[in-house]
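>>> attaching a predicted model along with its sequence, questions to come.
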Amino acid sequence: MMVKTDPELVRLLRSGRDTEERKHAREFFLSLAACNTIVPIVVDTPDSAQKLIDYQGESPDEQALVYAAAAYGFVLIERTSGHIVIDILGDRQRFEVLGLHEFDSDRKRMSVIVGCPDKTVRLFVKGADSSMFGVIDKSLDLDAIHATETHLHKYSSMGLRTLVIGMRELSSTEFGEWQSAYERANTALLGRGGLLRAVAANIECNLQLLGASGIEDKLQQGVPEAIESLRQAGIKVWVLTGDKQETAISIGYSCKLLSSEMTQIIINSRSKESCRKSLEDAIAMCKKLAAMSPAAQDNGFGSRSTRIRLALIIDGTSLVYILETELEEQLFKVATACDVVLCCRVAPLQKAGIVAIIKNRTDDMTLAIGDGANDVSMIQMADIGIGISGQEGRQAVMASDFAMGQFRFLVPLLLVHGHWNYQRMAYMILYNFYRNAVFVYMLFWYVLCTAFSLTTAITEWSSVLYSVIYTALPTIIVGILDKDLSRKTLLKYPQLYGSGQREERYNLKLFILTMIDTIWQSLAIFFIPYLAYRQSDIDGSSIGDLWTLAVVIIVNIHLAMDVFRWTWLTHASIWGCIVATVICVIIIDAIPMLRGFWAIFHVMGTGLFWLLLLCVIITAMVPRLAMKVITEYFMPSDIQIARELEKFGGVNATNTSEIPMSTFSHS
Ligand SMILES: Nc1ncnc2c1ncn2[C@@H]1O[C@H](COP(=O)(O)OP(=O)(O)OP(=O)(O)O)[C@@H](O)[C@H]1O
Ligand SMILES: [Mg+2]
């Protein structure tokens, strides 16, 4: 890895003069090399005399810092549980690792206690500025502290992730006390984590400030575009991060979540009362802005497209006073009125708490996506949890429902596969209700007409095979393969995702209509042959065969009418099932032991049979066909319009780059 270094700093580190400045600089880089959990792995190169060191660890920030220290001549060479070896400007030194307080997202810092070759014991601490400035001894060098704060502000406003590094030399009594407390905590059977945290908090105090670092956290490819697509799809995007506020805002701008024309509501409160006041002010402001907008409607705060766009920025400290108190309701009101919510410096459990605010108060679906161990609780809390497998270990992936390599894959997952699955599932639920109900109704009409005798309209074998062979395969094939729109169209017009949010494909109205249609079809199937053959001397088995064939053909044609994308498998399954039904009926009627032996051969020879079959199919299907034609011509849905564009768009694709879609906002 190539690292650019500052020549002046290199000169200072290597200079022979023993100045205070040089000492500080050396201690700073020493702490970068020592205070981490990176494991150096020696890699062989083709040249046997040359070895490379690869730094591996869960935190990409630490990796970057250790590489930086190495570039300045402080090379971490070896790490075991008891010691580390650091090559300091060509001089290999061994440091005993006497204790390590691991990083956790609540403390937001980590520390190591090392025994140096000069027999001193030093504590190196690094962590977030918010947690570090509380433990730094302000009496030591106030100017340096102010300068560092200014630098930190500058770095974070540029979107860099900042860390502050501090150090303290421990006296032997202090070290002795710490050691016994540490050992006690480490071997405790109950509440070990809490005890260790207390030991760490005890020792991490009165630190000398060594310096600060700023690390660029590059956005993954395609994040701004993905966020834009999700927003167009009517999905509200909230960012919950452990990062500093300025960094989070800067990243918010770079991923196009925030924009300059947005009005920002910033809540940074340090007490419950000021939180309450900030929230009340925010609610008043939302109401005022909503009243100013011309299209104030439904949610009380105006519609999304016309009003001034709002962004809520709130930090973890304020959330401490809000989550799980009566202020939650107010936060919910403000947050849902804003287009974007950005929570910074939040602890893992607060992330879950914020997801819970939405989950407990609305019927909306929540999806959490994250890559680090600090995202696990929110991934588990959300309805759908997605883990990004990246550089930050695998905890998020292990806790998730879906795992993906990059954030941008969320777009095809939701907009393409989510849409397809919604339309398939919604249709299949309705179709399967219909498929079974039409058959059962038909049997029921027969029972009514035979004065509740125990005879059945069709043979027992056909009753069994109806679900297994006659109608099963097309349901499965269409349920798996059907696509109403192509991937390209769905990605191009994210608004099409709205059909699921509006519950267009499965709702009470559609269910009732389907059931009415089902009753109509079953009446047509049963009564047309029944009335036609009523005066004849035809036997029950022959008319039963007609009913069997009619119901199977109608159920399959019904499905065929709704298939969007035909493949050879769809053709084979639908038409194949009808052929299979005819074959099965013939076989069943050719077995002498069964009821209705040879019935189909008698009845198939008559013209009336074929006429009735045709008549039944037409009568049963006409209302449905008519409804379909009328809605598709006169009340086309977004999906219908997009389908037409897909099919016939080739001619005027160049001049219709935009199609009007229903706009819909949903939180
Ligand atoms: N290994 C570490 N050692 C010391 N401090 C750290 C370490 N990792 C992170 N920090 C500090 O603790 C803060 C909180 O970290 P946390 O992992 O909760 O969130 P994050 O990584 O900043 O953000 P995100 O939620 O987007 O992953 C960080 O902003 C950083 O300042
Ligand atoms: Mg993180």
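That came through fine. Ligands and ions are numbered 1, 2, ... in the order given.
>>> so the residue of the chain found nearest ligand 1: helix, strand or coil?
Using Cβ to the nearest ligand atom, the closest approach of the chain to ligand 1 is made by Gly242 at 2.1 Å. Quick note: C-beta positions are derived from backbone N, CA and C, even for glycine. Recorded secondary structure, Gly242: coil (DSSP: H, G, I helix; E, B strand; the rest coil).
>>> that one reaches Gln350, doesn't it?
No - the pair Gly242 / Gln350 is not scored as a contact, 9.5 Å apart, by Cβ atoms under 8 Å.
>>> in the stretch 401-550 of the chain, which spans are helices?
410-411, 419-449, 460-465, 472-481, 487-492, 498-501, 508-533, 540-562 (DSSP state H, counting those that start in this stretch).
>>> could you export those helices as CSV, including mean pLDDT?
Compiled in CSV, these are given as follows (pLDDT from 0 to 100):
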stretch, mean pLDDT
helix 410-411, 96
helix 419-449, 96
helix 460-465, 90
helix 472-481, 95
helix 487-492, 96
helix 498-501, 94
helix 508-533, 96
helix 540-562, 94
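>>> identify whichever of the ones you listed lies nearest to Ile639.
Nearest of these to Ile639, taken as Cβ to Cβ: helix 498-501 at 5.7 Å.
>>> which neighbouring elements make contact with the closest one?
helix 419-449, helix 638-652 (3 or more Cβ pairs under 8 Å, 6 or more residues apart in numbering; DSSP states H and E).
>>> can you check which of those helices gets nearest to Arg22?
helix 419-449 (62.5 Å).
>>> so what does that closest one touch, helix or strand wise?
Judged by 3+ Cβ pairs under 8 Å, 6+ apart, helix 419-449 is in contact with helix 472-481, helix 498-501, helix 508-533, helix 540-562.
>>> try 7 Å this time
Identification of packing neighbours for helix 419-449 by 3 or more Cβ pairs under 7 Å, 6 or more residues apart in numbering; DSSP states H and E yields helix 472-481, helix 508-533, helix 540-562.
>>> in CSV, list those helices along with mean neighbour count.
Below are the helices and strands packed on helix 419-449 laid out as CSV (neighbours: other Cβ atoms under 10 Å):
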stretch, mean neighbour count
helix 472-481, 18
helix 508-533, 17
helix 540-562, 22
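>>> where does the stretch 551-667 of the chain dip in pLDDT?
650-667 (pLDDT under 70).
>>> so which residues on the stretch 51-200 of the chain come close to ligand 1?
Selection of the stretch 51-200 of the chain residues close to ligand 1 by Cβ under 6 Å from any ligand atom yields Ser59, Asp61, Glu62, Phe103, Ser105, Lys108, Arg109, Met110, Lys126, Gly127, Ala128, Leu163.
>>> can you check the chain too?
Residues of the chain lying near ligand 1 (Cβ under 6 Å from any ligand atom): 59, 61-62, 103, 105, 108-110, 126-128, 163, 241-243, 372, 374.
>>> show me where the stretch 251-400 of the chain has its helices.
Taking DSSP H, counting those that start in this stretch to define them, one finds helices in the stretch 251-400 of the chain at 272-292, 316-322, 328-337, 348-361, 376-381, 395-399.
>>> how about these in CSV, adding mean neighbour count and distance to Leu414?
Shown next, in CSV, are these (neighbours: other Cβ atoms under 10 Å; distance: least, Cβ to Cβ, whole Å):
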stretch, mean neighbour count, distance to Leu414
helix 272-292, 16, 28
helix 316-322, 22, 27
helix 328-337, 20, 20
helix 348-361, 20, 17
helix 376-381, 22, 16
helix 395-399, 19, 18
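>>> would you turn those into TSV with mean pLDDT?
Shown next, in TSV, are those (pLDDT from 0 to 100):
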stretch	mean pLDDT
helix 272-292	91
helix 316-322	94
helix 328-337	94
helix 348-361	95
helix 376-381	96
helix 395-399	94
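>>> now distance to His602 too, for those, in TSV please.
Formatted as TSV, the helices of the stretch 251-400 of the chain follow (distance: least, Cβ to Cβ, whole Å):
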stretch	distance to His602
helix 272-292	75
helix 316-322	80
helix 328-337	69
helix 348-361	64
helix 376-381	65
helix 395-399	65
